[in-house]
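In: Predicted model and sequence below, questions to follow.
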Amino acid sequence: SARLARLSRSVTFSACHRLHSKSLSDEENLKLFGKCNNPNGHGHNYMIVTVRGEIDPVSGMVMNLTDLKEYMQEAIMDPLDHKNLDKDVPYFAEVVSTTENVAVFIWENLQQLLPVGILYKVKVYETDQNVVVYKGEETVAK
């Protein structure tokens with residue numbers, strides 16, 4: 001019988017952003033986001049990607065790590081590394097650049113590149129204490 005395994009790879013990208021919602025006033029943004037609403041922004045280093053699949057009986061791998069590295073370069077590093085998320089990444093022009101939304105952005109980019117159904121989770125470390133895990137889940141309309 002086939003064995004199922006999860007394979008994770010870490011990359012670190014540096015990016016800055018400002019937590020600010022266009023739907024809120026400056027005062028409301030400051031109250032909600034505090035120092036993270038600084039007009040000059042602030043920086044972070046982020047992230048881990050996990051894929052899941054059957055271990056190939058011939059190669060012994062879920063996925064070739066070289067391929068995963070290339071996909072992560074294209075989906076994460078190229079668009080995000082050393083960028084101002086709010087100014088340099090079109091996705092965040094209308095979406096608040098929270099860590100949750102960074103995880104969704106990465107998930108959506110990787111989904112376009114990886115074999116269907118293999119992406120298991122995106123884990124984004126904003127700091128050692130603050131971590132977001134996104135598995136592509138959506139809520140049903142209420």
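Out: Ah, there it is.
In: wait, what's in contact with the closest residue in space to L65 that isn't next to it in sequence?
Out: Leaving aside its chain neighbours, L65 sits nearest to R9 (6.6 Å; criterion: CB to CB, 6 or more residues apart in numbering). Every C-beta, even on glycine, is put in place using the N, C-alpha and C of the backbone. Taking CB atoms under 8 Å, 6 or more residues apart in numbering, we find R9 in contact with I48, V49, L65, L68, K69, M72.
In: Spit out the contact partners of the fifth one.
Out: Contacts of K69 were listed using CB under 8 Å, 6+ apart, and they are R9.
In: sorry, back to before: what about the contacts of R9, which are in strands?
Out: Among those, the ones falling in strands (DSSP state E) are I48, V49.
In: hmm, which of the contacts of R9 are the buried ones?
Out: In terms of neighbour count (16 or more other CB atoms under 10 Å), the buried residues within these are I48, V49, L68, M72.
In: thought the third one was touching V51?
Out: Yes - L68 is within contact range of V51, at 6.6 Å (criterion: CB atoms under 8 Å).
In: so what sits against both of these two?
Out: Residues touching both L68 and V51 by CB under 8 Å, 6+ apart: L7.
In: hang on, the earlier thing: may I see the buried ones among the contacts of R9 arranged in JSON lines, with pLDDT and distance to D81 as well?
Out: Formatted as JSON lines, the buried ones among the contacts of R9 follow (pLDDT from 0 to 100; distance: CB to CB, whole Å):
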{"residue": "I48", "pLDDT": "84", "distance to D81": "15"}
{"residue": "V49", "pLDDT": "90", "distance to D81": "14"}
{"residue": "L68", "pLDDT": "95", "distance to D81": "17"}
{"residue": "M72", "pLDDT": "94", "distance to D81": "11"}
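In: So which residues of the protein form helices?
Out: For the chain, helices defined by DSSP state H occupy the ranges 26-33, 65-72, 78-80, 85-88, 99-111.
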